[in-house]
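>>> Here is a sequence with its predicted model. Questions after.
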Amino acid sequence: MNNALFQFAHPANEPVKEYRPGSPERVALEKELQKQSNEVVEIPIIIGGKEIRTGDMGEVVMPHNHKHVIAKYHKVGEKEVNMAIEAALKAKKDWENTPWVERASIMAKIGQLLATKYRARINAACMLGQSKNAFQAEIDSACETIDFYRFNNYYAGNLYSEQPSSTPDQLNRVEYRPLEGFIMAVTPFNFTSIASNLNMTPALMGNTTIWKPSTTALLSNYHIMQIAMEAGLPAGVVNFLPGKGSLIGGVALNNPNLAGIHFTGSTATFQGLWKGVGVNIANYKSYPRLVGETGGKDFIFAHSSANPREVACAIVRGAFEYQGQKCSAASRAYIPASMWNEVKQIVSALSRWATSQTSPTTSTLSSMRLHSTTARATSTEQKPAKTLKSCSAASATRASVTSSSLQSYSPRCRTTSQWLRRSSDLSSPSTCTTTRNMRKHWNSATRRHLTH
């Protein structure tokens with residue numbers, strides 16, 4: 001008999017390793033980078049826990065060296081997509097009836113495997129397959145991915161414990177059920193953590209998914225799928241479908257059992273999926289839930305009390321780190337006129353250095369060693385603000401600065417849906433660690449809309 005009411009303790013963020021010369025994590029990462037650089041991984045389709053090979057092949061190359069093939073993958077056809085949907089529906093009954101603590105235990109195991117046994121492997125795959133440096137991979141494919149698994153369990157427990165009030169003569173209670181059908185997860189190229197999370201959050205809540213991974217992130221995503229299976233994720237709960245998005249989406253949107261879409265990517269693609277659901281709305285057994293994050297315009301707002309050098313450093317990092325290929329990349333800045341000239345001068349110096357071999361000045365170099373601004377905007381000056389127009393992100397490949405500086409930016413809500421709410425204490429610019437916490441809060445709200 002199991003009548004325990006288990007609650008996960010509030011987790012701490014996974015510590016970010018520094019990868020100093022000679023450190024164990026650096027030695028392990030360098031070894032794994034060498035290994036993965038000298039092999040070509042064959043990536044199969046995974047449906048119902050079984051590997052499927054169609055022979056219709058595609059290649060995965062290093063974004064920084066297009067001639068270097070690091071993986072070859074089998075593409076799905078309509079037959080395989082329909083097989084994946086059937087596998088997801090078949091696995092659903094047993095999975096949704098599995099006690100939530102057992103589902104959460106599998107998620108916790110995945111997180112622990114990533115934190116220990118497979119940390120170097122997933123980071124190396126992210127670096128080679130998605131062109132991130134060690135720090136960028138560490139905070140994404142390791143730390144944030146691990147945090148999602150741990151924080152999701154904590155917030156799922158909180159969600160399940162929320163019950164209505166009762167009166168002395170009646171007892172009110174709520175049962176939380178997964179959606180009726182399958183979820184299609186469409187994941188992006190730039191964050192391994194988001195690719196993992198768009199599948200595993202619905203799965204934690206008792207749903208089953210078909211996963212359309214980004215072709216340019218296939219290697220790290222395939223390792224996530226393998227680790228999940230090793231951790232005990234039952235066959236058919238998540239079905240891994242490399243291939244053409246339009247083909248996979250076309251089959252899924254026409255299936256009456258589509259229960260939801262979990263998406264991160266371009267605005268045009270999400271609008272296309274939304275339109276497809278609208279066209280087929282009368283054919284579905286339920287109203288599919290659409291949760292998606294698309295492109296937008298992030299800004300930096302500087303208060304007159306901020307340090308101009310710190311503001312300039314935050315602008316360059318916020319706009320150009322990872323070549324600006326982040327949903328949180330800054331595209332405009334609002335600067336008080338009183339500090340504009342100084343900020344502009346430092347930003348210009350940093351930008352010239354980032355796009356050429358010219359060394360920065362001593363004063364500029366000192367600003368790069370500073371922590372990013374922690375000033376909070378409480379009021380604005382009466383003087384007009386200036387809008388900073390960023391230069392080409394593609395040419396700013398050297399804009400990453402010392403790891404002692406934490407990027408300052410205001411990340412958008414994980415979805416564009418009006419279903420989700422943003423707490424007042426989550427609206428200010430934050431450091432990377434706090435950003436991961438913010439995503440847990442917003443993701444908790446996402447889970448509410450993946451259950452009835």
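Looks like it arrived, so ask away.

>>> mind giving me the domain split of the chain?
Residue ranges for the domains of the chain, per automatic domain parsing: 25-162+177-295+412-448, 298-395.

>>> out of those, deepest packed?
Mean neighbour count (mean count of other Cβ atoms under 10 Å) peaks for domain 25-162+177-295+412-448 among the domains of the chain, with a mean of 19. Quick note: C-beta positions are derived from backbone N, CA and C, even for glycine.

>>> Can you tell me what sits against stretch 160-171?
Under the criterion Cβ atoms under 8 Å, 6 or more residues apart in numbering, residues 5, 7, 100, 172, 173, 174, 176 lie in contact with stretch 160-171.

>>> Looking at these, which one is closest to residue 44?
Proximity of those to residue 44 (Cβ to Cβ) peaks at residue 100, which lies at 30.5 Å.

>>> Next up, the contacts around the closest one.
156, 157, 160, 204, 206.

>>> Now for those residues: which two are most distant?
So for the contacts of residue 100, where distance means Cβ to Cβ, the most widely separated pair is 157 and 206, at 14.0 Å.

>>> What's the mean pLDDT across the helix or strand hosting residue 273?
Using DSSP states H and E, residue 273 falls within helix 267-279. For helix 267-279, the mean per-residue pLDDT is 96.

>>> Extract the CA atoms of it and return them as PDB.
Taking C-alpha atoms only, helix 267-279 is exported to PDB below (Å, rounded to 0.1, in the frame of the first residue of the first chain):
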ATOM      1  CA  THR A 267       7.100  33.300 -35.900                       C
ATOM      2  CA  ALA A 268       6.300  32.200 -39.500                       C
ATOM      3  CA  THR A 269       6.400  28.500 -38.600                       C
ATOM      4  CA  PHE A 270       4.300  28.900 -35.500                       C
ATOM      5  CA  GLN A 271       1.700  30.900 -37.400                       C
ATOM      6  CA  GLY A 272       1.600  28.100 -40.000                       C
ATOM      7  CA  LEU A 273       1.000  25.500 -37.300                       C
ATOM      8  CA  TRP A 274      -1.700  27.700 -35.700                       C
ATOM      9  CA  LYS A 275      -3.400  28.100 -39.100                       C
ATOM     10  CA  GLY A 276      -3.200  24.400 -39.700                       C
ATOM     11  CA  VAL A 277      -4.900  23.700 -36.400                       C
ATOM     12  CA  GLY A 278      -7.600  26.300 -37.200                       C
ATOM     13  CA  VAL A 279      -8.300  24.700 -40.600                       C
END
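
>>> Check which helices and strands the longest strand along the chain is in contact with.
With secondary structure taken from DSSP state E, the chain has its longest strand at strand 65-74. Other helices and strands packing on strand 65-74, by 3 or more Cβ pairs under 8 Å, 6 or more residues apart in numbering; DSSP states H and E, are helix 24-37, strand 41-43, strand 57-62, helix 119-130, helix 218-230.
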